[in-house]
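Engineer: need coordinates for the below:
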Amino acid sequence: MKNFLGIALSITFLFTSFAAIYGQGPDEYWIGLEEYEVHTNGDLEGMTTWRMYLHMLDEDDYLSACTGSESHPFILESTSTPAWYQHPEASETFATGINTAFFTAFPDLEYDSWFTIGVEDASIDMEVLSLADPTYDAFAAFEAGENVYSDTPVGNGWATLYPGLGTENPGFAGEDLRVLIGQITTAGTLSGSIYVQIFPWGVQDPDLRLLLPILYTPVQCQDETACNYDANAWTNEECEYGPSAGVIEGPQGINLNDINTTEWSYSCSDEASSFEWTITGGTILSGQGTSFVTVAWTTEGVESGESASISVTAISADGCSGTTSTLEIDILMGLEGLTFSDNLNIFPSPASSNITITLDGIKGNNRCQIYSLTGKKVLEFVLENNTRTLDVSNLANGTYILAVNTDQGALKQAFVIAK
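Structural biologist: Predicted coordinates:
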């Protein structure tokens, strides 16, 4: 192979001793595994294909070689047996040998395990050269699906010839600041280390040589409300959120005096896998898990002065919950649920534009609601210092009920609008 001697000498030179640097983060060089494909059927069922990248700091950083020897071991191991998948008919050790035209005849070849520097198949004309130790051939072990432990005096490695700064070459970090160095399909958990030679900013001398651990890349989502939040992330580039249930549609004013209606229906957006409904002041009769539920309102569990409510959360097929939608429910409890009080006065009645409300003997600021006889809440306000003049000119003619929530219970009084 042309230039093999020169590159072999370069690889051998890498085996001299340098301090190892371990790290992971946006301001360090590090090797990360990123999920490429999760296999749920076929011969690869239960396996995951990972892409292995060397993360760089500058667009002109160039990866020259990946090696390992006694002083700086190249280790790649998996908890599964065999350690990783190698295609039985068309496996290649390096991505430069992968011809995508064979994917039709051998679909699983796309997920073959291989090493590289930048390229992912033979479509890009780039030579990746390799050197194997005669006493331990790491690449033969790799192709046999065995864990790799390149810690011999001579060592093993793969490398490229530096094309020069300004050349378009996948060995440069580029805009995404990373270089592909391998693909591994395995059912197990991967770990290990690789000794890399980097030309920072494209400068060959001095170069940078680091022994880096193989790590799993954190999902880049710092938002704790996201479904894929990762405490180790440093950006929000990959955040995923659950589906929205939208606005809950259904009756908001409930009249429990209406003997003809004992059930009420509510719905929301149906663009989700499932839905979780919760309710205060009633019971879900049917539809839990769907976008349509039937409810019986009873006011059970509703504290004095509180409103009943119905809420729904949409959930995706993979179990990711979206934001919760809530609808406040106004319930008219009927005469038996309210106490008439001589201390609660409304005048004039009938009224045409304004009414004056007074409450004797009960102190404090009390929350008030005005309901029509159909049970619909038409106004809500606070009665401060036991008196208030209220504009009711927008109310239609008819009889209304004023409900006042006090520490001594709910009081009511009726009044009439006539214009």
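
Engineer: where are the low-confidence patches of the stretch 101-250 of the chain?
Structural biologist: Low-confidence segments of the stretch 101-250 of the chain, defined by pLDDT under 70: none present.

Engineer: helices of that one, start to end?
Structural biologist: With DSSP state H, counting those that start in this stretch, the ranges of helices along the stretch 101-250 of the chain come out as 138-143.

Engineer: can you get me a residue count around the residue nearest to Ser353 when sequence neighbours are not counted?
Structural biologist: Ranked by CB to CB, 6 or more residues apart in numbering and with sequence neighbours excluded, the top spatial neighbour of Ser353 is Ser393, at 4.4 Å. Backbone N, C-alpha and C define where each C-beta goes, glycine included. Neighbours of Ser393 under the rule other CB atoms under 10 Å: 11.

Engineer: same thing with Gly287?
Structural biologist: Gly287 is surrounded by 16 other residues when neighbours are defined as other CB under 10 Å.

Engineer: contacting residues for it?
Structural biologist: Contacts here follow CB atoms under 8 Å, 6 or more residues apart in numbering; on that basis Gly287 touches 277, 293-294.

Engineer: these, buried ones only, as a ChimeraX selection?
Structural biologist: Here is the ChimeraX command that picks out the buried ones among the contacts of Gly287, judged by 16 or more other CB atoms under 10 Å:
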select :277,293
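
Engineer: looking at the contacts of Gly287, which are in strands?
Structural biologist: With strands identified by DSSP state E, the entries of the contacts of Gly287 that belong to them are 277, 293-294.

Engineer: Ile279 contacts Val312, correct?
Structural biologist: No. With contacts defined as CB atoms under 8 Å, Ile279 does not count as touching Val312, sitting 9.7 Å away.

Engineer: dump the residue contacts of Ile214.
Structural biologist: Contacts of Ile214 (CB under 8 Å, 6+ apart): 31, 33, 52, 76, 190-194.

Engineer: cool, Leu180 as well?
Structural biologist: When contacts are counted by CB under 8 Å, 6+ apart, Leu180 is found next to 51-53, 95, 116-120, 170.

Engineer: let's see 6 Å
Structural biologist: Leu180 makes contact with 53, 116, 118 under the criterion CB atoms under 6 Å, 6 or more residues apart in numbering.

Engineer: so which of these are in strands?
Structural biologist: Among the contacts of Leu180, the residues falling in strands (DSSP E) are Tyr53.

Engineer: which one of the contacts of Leu180 has the most neighbours?
Structural biologist: Neighbour counts for these peak at Thr116, which has 28 neighbours (criterion: other CB under 10 Å).

Engineer: related to what we said a few turns ago, tell me which of the contacts of Ile214 is nearest to Ser286?
Structural biologist: Using CB to CB, Leu33 is the member of these that lies nearest Ser286, at 46.7 Å.
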